[in-house]
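Novice: Give me the fold of what follows.
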Amino acid sequence: MRNFEYYDARSQDVKLDDITSSSRNAQILRDLRDGETAWKGAHFEIWELDADEDSDDDCFDDEINSVGDHERKFIVRGDDDLGWLGYFMSNEQVKDLTIYTTPECGERVHEMMDGIKNNRLIERIYIRGIHSDYFMDSLTSIIVNSSNLKTLEVYYSDDVGCSLASALVQSRHKSSLTHLRLVGNDLSNEGLVEIRTALREYPNLECLEITSSMFNTTTSSELFEQPEGTHLGECLICCLPMPLDKTKYSFYSCCGKLICDGCYVANKKREDEDGLEHKCLYCRETLVDLDLDHNQRMLERVRANDPAAMCVMGSKRYKEGDYDSAFEYWTKAAELGDADAHHRLGDSYFDGEVVEEDFKKAVYHYEKAAVGGHHMARHNLGAIEEEVNNNTERAVKHYIIAAKLGFEKSMKELWGQYSKGNITKEDLDDTLRTHHAAVNEMKSPQRKEAENYSYN
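Specialist: Numbers count the residues shown, from 1 in each chain. Got it, this is the predicted structure:
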């Protein structure tokens, strides 16, 4: 593979017409090489020409000439040497780059991106329809090398999740990234989780949008798979499943964690008896009573892109009557995978209180929440299937899953379904056993004591 020194040694002598497919492309390389002033900070676009398209430049004249004096489009064909294109783009003139469907040409793509990554002043990259491992590997190098990159947008491309997350982690201390959009890409679940984790190190991120073509719909096999637990998970102190009753656990703004009341009360009693300062059981930060301090910590967690904090903040704004802010917080939290935020959005679209009613969007968010282990969203799906879609079989499946997570309301619903002949005695007994086991796992002497504890 040719390296930077190869191009540097030949840049003044290379015949540009020999390494490009058109006079227009040759002129673009000449302008880049010679430092044409019109290119300073220019918006530059690279387009792949479909093999079936007319190879004559005239078919692009209207489109190219309409985009403005300071914008350039390089139309890629088979005769274009992309390595030279990348080299000439390394001179730090281009700060705004758009790439539409780079051809899958292996080393050609890699050499182009290898040159672009040397442009450390690039501020915005927009990519659409990339399906090349070479390209994705080089993209991560650009993110790591460019401390000035403020906006990254990737649309309808292959899975960029794991490699992008790795680049975000490596560049987190020097990155200027404020806008990130990943739309319609084939993001795997693993990649999505890694990106969410990496973004917690980006408190200055102003705009975040993540949607995946793999997650636009939920298949029946995914939807009706029994989750291992609820979306609440386990208490990080006692390691018991979190109670479903939201009055029996708390969100701690210092660290963004949920801790059950049983652990809180047991620890508070110990601290009171020993005359100790009250501290968070997880992060050991001093617990604050003042609303001002609590709100400040909440905002810090939100700025750190903590989805749980965003969801809690959304609920707070909802109670205050600020529905627009509530919806915005829930949407951002849902984009980062928070199941409770999906449930809140499902309710919002279903009842039309926060936003305009949209039944399809309500079901979409309920399904995302249900797959994430949200018992109430699961129960709501059962009710929709039964009352709206008149599909009792699917309704019972949803009720069974929610009941097995320990949700009493769904278990009671199944007794009614049994009296109607919609569930067999065997299935009802099996669900009841699992339901009781789930409920019992959430119990402890400390949690029982906390129910009667006076917090004054």
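Novice: all helices for the stretch 1-150 of the chain, in order.
Specialist: 4-10, 23-34, 61-65, 82-88, 107-116, 133-145 (DSSP state H, counting those that start in this stretch).
Novice: average pLDDT for the last one?
Specialist: Right, helix 133-145. In this model, helix 133-145 has a mean pLDDT of 75.
Novice: quick revisit: can you tell me which of the helices of the stretch 1-150 of the chain is nearest to His294?
Specialist: Ranking these by their distance to His294 (criterion: CB to CB) puts helix 133-145 first, at 35.4 Å. C-beta: built from backbone N, CA, C; applies to glycine.
Novice: Following the closest one in sequence, what is the next regular element?
Specialist: Read in the C-terminal direction, the helix or strand following helix 133-145 is strand 151-155, with elements assigned using DSSP states H and E.
Novice: could I get the helices of the stretch 1-150 of the chain as JSON lines with mean neighbour count and distance to Arg344?
Specialist: Converted to JSON lines, these look like this (neighbours: other CB atoms under 10 Å; distance: least, CB to CB, whole Å):
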{"stretch": "helix 4-10", "mean neighbour count": "12", "distance to Arg344": "51"}
{"stretch": "helix 23-34", "mean neighbour count": "18", "distance to Arg344": "50"}
{"stretch": "helix 61-65", "mean neighbour count": "11", "distance to Arg344": "44"}
{"stretch": "helix 82-88", "mean neighbour count": "24", "distance to Arg344": "46"}
{"stretch": "helix 107-116", "mean neighbour count": "23", "distance to Arg344": "41"}
{"stretch": "helix 133-145", "mean neighbour count": "20", "distance to Arg344": "32"}
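Novice: what's near enough to touch Trp47?
Specialist: Applying CB atoms under 8 Å, 6 or more residues apart in numbering, one finds that Trp47 lies in contact with Lys73, Phe74, Ile75, Val76, Tyr100, Thr101.
Novice: typo on my end, Gly314
Specialist: Counting by CB under 8 Å, 6+ apart, the residues that Gly314 touches are Ser325, Ala326, Phe327, Glu328, Tyr329, Trp330, Ala333, Ala341, Arg344.
Novice: if we go to 6 Å?
Specialist: With contact taken as CB atoms under 6 Å, 6 or more residues apart in numbering, Gly314 is in contact with Ala326, Tyr329, Trp330.
Novice: among the residues you listed, which ones are buried?
Specialist: Of the members of the contacts of Gly314, the ones counted as buried by neighbours, 16 or more other CB atoms under 10 Å, are Ala326, Tyr329, Trp330.
Novice: Okay, and Ala167 sits in which element?
Specialist: Ala167 is part of helix 161-170 when elements are defined by DSSP H and E.
Novice: C-terminal to that helix, what's the next element?
Specialist: Elements were assigned by DSSP H and E; along the chain past helix 161-170, the next helix or strand is strand 179-185.
Novice: Name every strand pairing with that next one and say which way it goes.
Specialist: Strands that pair with strand 179-185, judged by DSSP bridges, come out as strand 151-155 (parallel), strand 207-212 (parallel).
Novice: Pick out the residue nearest the middle of this structure.
Specialist: Central residue of the chain (CA atoms, centre = their mean): Leu336, 4.0 Å from the mean position.
Novice: Enumerate every residue touching it.
Specialist: With contacts taken as CB under 6 Å, 6+ apart, Leu336 has the following neighbours: Arg196, Pro307.
Novice: 10 Å instead?
Specialist: With contact set as CB atoms under 10 Å, 6 or more residues apart in numbering, Leu336 has these partners: 192-193, 195-197, 199-200, 208, 210, 305-308, 310-311.
Novice: Can you list the buried residues in the helix or strand in which Ala369 is found?
Specialist: Assigned by DSSP H and E, Ala369 belongs to helix 359-371. Residues Lys361, Ala362, Val363, Tyr364, His365, Tyr366, Glu367, Lys368, Ala369, Ala370, Val371 are the ones in helix 359-371 that count as buried (16+ other CB under 10 Å).
Novice: Report all helices and strands that it contacts.
Specialist: Helices and strands touching helix 359-371, as assessed by 3 or more CB pairs under 10 Å, 6 or more residues apart in numbering; DSSP states H and E, comprise helix 220-223, helix 323-335, helix 339-351, helix 375-387, helix 392-404.
Novice: Can you give the distance from it to the centre of its chain?
Specialist: Using CA atoms, centre = their mean, to the nearest Å, the distance from the centre of helix 359-371 to the centre of the chain it belongs to is 17 Å.
Novice: Give me the below-cutoff pLDDT ranges for the stretch 151-300 of the chain.
Specialist: Low-confidence segments of the stretch 151-300 of the chain, defined by pLDDT under 70, are located at 156-161, 184, 186-190, 193, 211-220, 288-292.
Novice: circling back to that earlier point, between the buried residues of helix 359-371, which is nearest Ser419?
Specialist: Ala370 (25.1 Å).
Novice: elements contacting the host helix or strand of Glu413?
Specialist: With elements taken from DSSP H and E, the one containing Glu413 is helix 408-419. Identification of packing neighbours for helix 408-419 by 3+ CB pairs under 10 Å, 6+ apart yields helix 375-387, helix 392-404, helix 425-441.
Novice: buried sites along it?
Specialist: Of the residues in helix 408-419, those buried (16+ other CB under 10 Å) are Ser410, Met411, Glu413, Leu414, Gln417, Tyr418.
Novice: rewinding a little: pick out the shakiest of the helices of the stretch 1-150 of the chain, pLDDT-wise.
Specialist: Within the helices of the stretch 1-150 of the chain, the stretch with the lowest mean pLDDT is helix 61-65, showing a mean of 43.
Novice: that older thread, for Gly352, find the nearest of the strands paired with strand 179-185.
Specialist: Distances from Gly352 to each of these were compared using CB to CB; the minimum, 23.1 Å, belongs to strand 207-212.
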